[in-house]
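# please work out how this folds:
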Amino acid sequence: MVSKPHGGRLVRKLSSEKTKERILDEKDEYPKVQIREGIAVDLENIAHGVYSPLEGFLREEEFQSVLDTMRLPNDLPWSIPIVLDVSEKDLNFSVDDTILLFYKDIPIAEMHVDDIYKYNKKEFAQKVFKTTDINHPGVAKVMNMGDYLIGGEIYLLNELPNPFEKYTLRPIETRILFKERKFETIVAFQTRNVPHLGHEYLQKSALTFVDGLFINPVLGKKKKGDYKDEVILKAYETLFKHYYPKDSAVLATVRYEMRYAGPREAVHHAIMRKNFGCTHFIVGRDHAGVGNYYGPYEAQEIFKNFPDLGITPMFFKEFFYCKKCKGIVNERICPHPMEDREYFSGTKIRNMIVNGEIPPEYFMRKEVYETIMSFENPFVDG
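Numbering: from 1, shown residues only. Just a heads-up that it's a prediction; the model follows:
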């Protein structure tokens, strides 16, 4: 049975054509706030129900509750604060005003302002990321935010430009697709990389227990040396074509800005996939981690606190190739010592590709490698 949306109802916050026309005609009469890309992406995820039950950005009571308890005031699990920050100089409006949110001079959404409040950045960082170290990318982002947060309901006026329209499915669409395919149980896998055999074994191990697999690459800001979005998507298409039973897996993107909040973010990622209709979610080693801020399996342990999450996490130990077993295994089923193990390292595989070396067959499918190499430059430049 396709899972119920988080909170019981799939949120849809899209302005009607008539309302949109009226607002755009009168746009000069509204206070304006310019927002950055990450906030615009959050807006779209609120509007299409990826963040159900949120209907807008968190008000102060909700924000504090999420920081302190990882739950909304009504006790529903929610682990990452979804907030809109402004600096004092941009506060040209008051509570109860309706404002327009602009991204790159495009009016993206209207918002009813319910709350304007100051917050403690160090507390935000410490509670969400378990550190105030400025070298943590999530902490650095929080420290650069404006000093005020504004909470309230939003309505989307315009979609963001989307170069990957053909790979985009909203929760309302995935739910229909899963029903059409007669998937009763669906496991989601989030990725930001091209697939190596470790990923494939992880996905197929999970697929053994459910009806369908939902591969959900995260598109968004990337750093130098990451694979380009189109490379990741083509690599997965190749893998599906040659190595997955027809109609057992669905590929669709989600736009989302990673927070690198480790355990808290793993819970958030699970909630997002619950809203897409998934019943299970794969949580691997160091999920949503960065550096050494979190223990390797801390993102799995946190789920003990959420028996009421409404989506079942699937935990896996790290897969590796064992020269003695002559296959891909993990430490639960392989008795052999470290020297017999070849661990899947994205960095190692990337370096091989950069240097023109073909990764061993037990690291990456030949067809996937050839797909990556068909791009003149598969990596993001600086």
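# now the helix or strand that contains residue 233: buried residues?
Using DSSP states H and E, residue 233 sits in helix 229-243. By 16 or more other Cβ atoms under 10 Å, the buried positions in helix 229-243 come out as 229, 231, 232, 233, 234, 235, 236, 238, 239, 240. Where you see a C-beta, it was placed from the backbone N, CA and C, and this is true even at glycine.
# next one: the last one from residue 50, what distance?
So the one you mean is residue 240. 23 Å (Cβ to Cβ, to the nearest Å).
# and what of the fourth one?
In this structure, residue 233 lies at 19 Å from residue 50, with Cβ to Cβ as the measure.
# what does residue 33 give?
22 Å.
# those two: which has the busier surroundings?
Each of residue 33 and residue 50 has its neighbours counted (other Cβ atoms under 10 Å); residue 50 has more, 25 against 22.
# now for that one: which residues touch it?
170, 171, 254, 256, 272, 275, 276 (Cβ atoms under 8 Å, 6 or more residues apart in numbering).
# helices of the stretch 51-200 of the chain, residue ranges please.
60-69, 121-129, 137-143, 171-180, 197-207 (DSSP state H, counting those that start in this stretch).
# can you tell me which of those is most buried?
helix 197-207 (a mean of 20; mean count of other Cβ atoms under 10 Å).
# could you point out where the protein is predicted with low confidence?
382 (pLDDT under 70).
# domain ranges for it?
Following automatic domain parsing, one finds the domains of the chain at 17-156, 169-257+317-373.
# end-to-end on the shortest one?
Terminal residues of domain 17-156 lie 11 Å apart, using Cα to Cα, to the nearest Å.
# likewise for stretch 272-284?
17 Å.
# once you drop chain neighbours, what's closest to the residue positioned nearest the centre of the chain?
In the chain, the C-alpha nearest the mean C-alpha coordinate belongs to residue 256, at 5.0 Å (Cα atoms, centre = their mean). Nearest in space to residue 256, with sequence neighbours left out and distances taken as Cβ to Cβ, 6 or more residues apart in numbering, is residue 218 at 5.1 Å.
# residue 215 now?
With Cβ to Cβ, 6+ apart as the criterion, residue 215 has its nearest non-adjacent residue at 5.0 Å, and that residue is residue 251.
# count of residues packed around residue 182?
Residue 182, neighbours per other Cβ under 10 Å, totals 9.
# next one: phi and psi at it?
Taking degrees, to the nearest 10, you get phi 60, psi 30 for the backbone angles of residue 182.
# and the angle from the helix holding residue 233 to helix 197-207?
Counting by axes from the mean of the first three to the mean of the last three Cα atoms, to 10 degrees, helix 229-243 lies at 60 degrees to helix 197-207.
# and helix 229-243, what does it pack onto?
Under the contact criterion of 3 or more Cβ pairs under 8 Å, 6 or more residues apart in numbering; DSSP states H and E, helix 229-243 touches strand 212-219, strand 249-251, helix 366-373.
# just those: most buried one?
Of the helices and strands packed on helix 229-243, the one with the most neighbours on average (mean count of other Cβ under 10 Å) is strand 212-219, at a mean of 23.
# contacts for that one, please.
Identification of contacts with strand 212-219 by Cβ under 8 Å, 6+ apart yields 164, 174, 178, 181, 183, 185-192, 203, 206-207, 229, 232-233, 236, 244, 248-256, 258, 273, 276, 278.
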